[in-house]
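Asker: sharing a model prediction with you, sequence too.
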Amino acid sequence: MGNLGSLKKYFVRYKRKLGLGILFILISNSAQVYIPLVLKQGIDSIQNEIDYSAIAQYALLILGASIVAGVFRFLIRETIIVVSREIEFDLRQDFWAHIQRLSLRYFQNNSTGNIMAHATNDISAVRMFVGPAVMYSVDTVTKFVIIIAIIISMSPSLTLYALIPLPFLSYLVYKLSKKIHKLFTKIQEKFSELTTKAQENFAGIRVIKSYVREDSEINSFTKLSREYLDRNMDKVRVQALFMPILFMITGISVIIVIWLGGTMVMENTLTLGELSAFVVYLGMLIWPVIAFGWVINIIQQGDASMKRLNRILHEETDIKDSQRTKYSINSVRGNIEFKDVTFRYKDGLPEVLNKLNFGIPSGSTVAIIGKTGTGKTSLVNLIPRLYDVTEGSVKIDGTDVRDIPLKVLRQSIGLVTQETFLFSDTLTNNILYAAKNASGEMVSKVSDISRLSKDVEDFPKGYDTILGERGITLSGGQKQRTCLARALAIDPKILILDDSFSAVDTNTEEEILRGLKEFMKDRTSIIISHRISTVKDADQILVLDEGIIKEKGTHEELVSLGGIYAELHYKQLLEEELKELN
């Protein structure tokens, strides 16, 4: 129950409606427990003389009490169960909002399928606690207390004998519920693995088909499904003990009441009406006792799920605004400075960047080139604070990026990453994804610059064409150009192109770069590429090797230097000549 304590704020939010629900439970239960009292009076009244008018009166009282109980039973669900759905909605929204705020580092260490399992199965299990468990807990406790008070007033001794088996029941429920909690935790863990497997298969279906791995993936999924089934069956076997034990113990109580109660009627220490009412009340106690066991199951499952959710909800967002944030900053010009920047992804891992020092004047174009794995992407990821530096500082306009409001910082940067990602939406909505109050004119403008417009003419519905999942209906080059158009549409002060022309032919690339030169006038551009043709016109070129800037200068300066850049330049020239000869 300790994990479920974190739901307190949601209960407080809906306290009025929950209070009404509890009031309706009390009214409904009061009407229900009134029925056996009427039955007792009716049976005792016809012991000596049958009075049909009295029988009719008692029947009407029972009917009236049943209607009241039924109406308020309906209102209980209209309040408490409705609240459970509203709390489920709030919890899912809070979970989603928290997930959105977590840094990239969290998603690198946790699978998508595992997060999806939390957002579906675990939140549903918590809702079962918030709704049915809370409702039946209050219902069973109030009904149990009222009934016990009434039967004690009828016969304390008979009540004592009837309740003898219940302590044994409580002990068994306690032991079984602990077992269920452990089993349900294992089930949810296996469900996360199953969801992860499914998500990876759907995302990588082209790879699976290309390598003819369908049978292998089916077998792998079947194995996980079987393990998930086995864990569920272990829980079902334990749960299967609940009902037989409950019915057996309550059945013993009924036998005791009929045996001892019948003797008391014959001895005239208990009336037949009281015995009848006693048996009915005992029957009414069977459901609360059974519901108690069921509620314990739900609570244990909800507690296990809330524990898993809390692990995410309590995950600290390491990249966020802080006390040092200067909220007076509402825009940036784009003057970037790296000062003694060292970066590693995690403590204990080697440094990706080591003591970098360089500046990028506002409005200039800087290119970064180097072998794969030298830290080029890591370097540019520090500018929009996708990661924070380990040591040193990255400054924009003289202010540490950690002091700039995160929203202002990222809205000023257009980032086109190596990996393209497009949504299952129209081409227009993908381009204007982050653009505020943008028009069709902006779509046309950025599409022209990215040389996407000439391809759109061949699309069945133009810019209203729905793209497949992750833009699967587009070619690699079209995806990259769409992502470029999306970055340009926000009218960024800083544009970062991280190897974003790798799937584009050199002629189209040159056309794009010419268009960008005009568009990015008075803005800062950072271009990462392996092609010399892409970076040769930059105002400054940085050659990164093993996390260190080995060379720095213009294209002509670096070629004349005869170092890493010159070697790469001559190598690519030779490759181009060989292509022409072939």
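Answerer: Looks like it came in fine.

Asker: need the contact partners of stretch 483-490.
Answerer: 411, 414-417, 420-422, 430-436, 438, 442-443, 446-447, 449-450, 452, 495, 497, 500, 512, 519 (CB atoms under 8 Å, 6 or more residues apart in numbering). To be clear about C-beta, it is placed using only N, CA and C from the backbone, and glycine gets the same treatment.

Asker: could you do stretch 45-62 as well?
Answerer: Contacts to stretch 45-62, defined as CB under 8 Å, 6+ apart, come from residues 35, 38-39, 41-42, 271-273.

Asker: domain map for the protein?
Answerer: Per automatic domain parsing, the domain ranges recorded for the chain read 83-313, 328-412+494-502+525-582, 414-491.

Asker: just put the ones you listed in TSV and tack on distance to L18.
Answerer: What follows is the domains of the chain, written out as TSV (distance: least, CB to CB, whole Å):
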stretch	distance to L18
domain 83-313	6
domain 328-412+494-502+525-582	36
domain 414-491	39
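
Asker: need the ones you listed in JSON lines (columns: mean neighbour count).
Answerer: As requested, the domains of the chain are exported to JSON lines (neighbours: other CB atoms under 10 Å):
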{"stretch": "domain 83-313", "mean neighbour count": "17"}
{"stretch": "domain 328-412+494-502+525-582", "mean neighbour count": "17"}
{"stretch": "domain 414-491", "mean neighbour count": "18"}
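
Asker: do you know which of these lies nearest D321?
Answerer: domain 328-412+494-502+525-582 (5.5 Å; CB to CB).

Asker: returning to what we had before: closest one of the contacts of stretch 45-62 to F247?
Answerer: Taking these together and measuring to F247 by CB to CB, the closest member is I35, at 22.7 Å.

Asker: neighbours around the closest one, how many?
Answerer: Look at I35: counted by other CB atoms under 10 Å, it has 20 neighbours.

Asker: all strands for the protein, in order.
Answerer: Residue ranges of the strands in the chain, as given by DSSP state E, are 336-343, 353-360, 365-369, 391-396, 399-400, 413-416, 494-498, 524-528, 540-545, 548-553.

Asker: any idea which of these gets closest to K182?
Answerer: That would be, of those and by CB to CB, strand 336-343, which comes in at 42.0 Å.

Asker: check the offset of that closest one from the chain's centre.
Answerer: Chain-centre distance of strand 336-343: 35 Å, with CA atoms, centre = their mean, to the nearest Å.

Asker: which strands and helices sit next to that strand?
Answerer: For strand 336-343, the packing partners by 3 or more CB pairs under 8 Å, 6 or more residues apart in numbering; DSSP states H and E come out as strand 353-360, helix 376-381, strand 391-396.

Asker: neighbouring strands - and their directions - for the first one?
Answerer: When pairing is defined by DSSP bridges, strand 353-360 lines up against strand 336-343 (antiparallel).

Asker: wait, L379 touches G370, no?
Answerer: No: taking contacts as CB atoms under 8 Å, L379 lies outside contact range of G370: 9.7 Å.

Asker: do you know how far F358 is from M154?
Answerer: Distance, F358 to M154, using CB to CB, to the nearest Å: 90 Å.

Asker: about what we covered before: nearest to K552, of the helices and strands packed on strand 336-343?
Answerer: Of all these, strand 353-360 comes closest under CB to CB, at 6.8 Å.

Asker: for that closest one, give the mean pLDDT please.
Answerer: In this model, strand 353-360 carries a mean pLDDT of 93.

Asker: just the residues contacting it, thanks.
Answerer: 334-343, 366, 375, 378-379, 392, 524, 526, 540, 542, 546-549, 552.

Asker: got it, and stretch 530-544?
Answerer: Outside of stretch 530-544, the residues within contact range by CB under 8 Å, 6+ apart are 358, 360-361, 364-370, 374-376, 379, 499, 501-502, 506, 509-510, 513, 517, 525, 527, 529, 549-555, 558, 563-565, 568-569, 572.

Asker: if we use 6 Å, what do you get?
Answerer: If you take CB atoms under 6 Å, 6 or more residues apart in numbering as the criterion, stretch 530-544 is touched by 364-370, 374, 376, 501, 527, 529, 549-552, 555, 558, 564-565, 569, 572.
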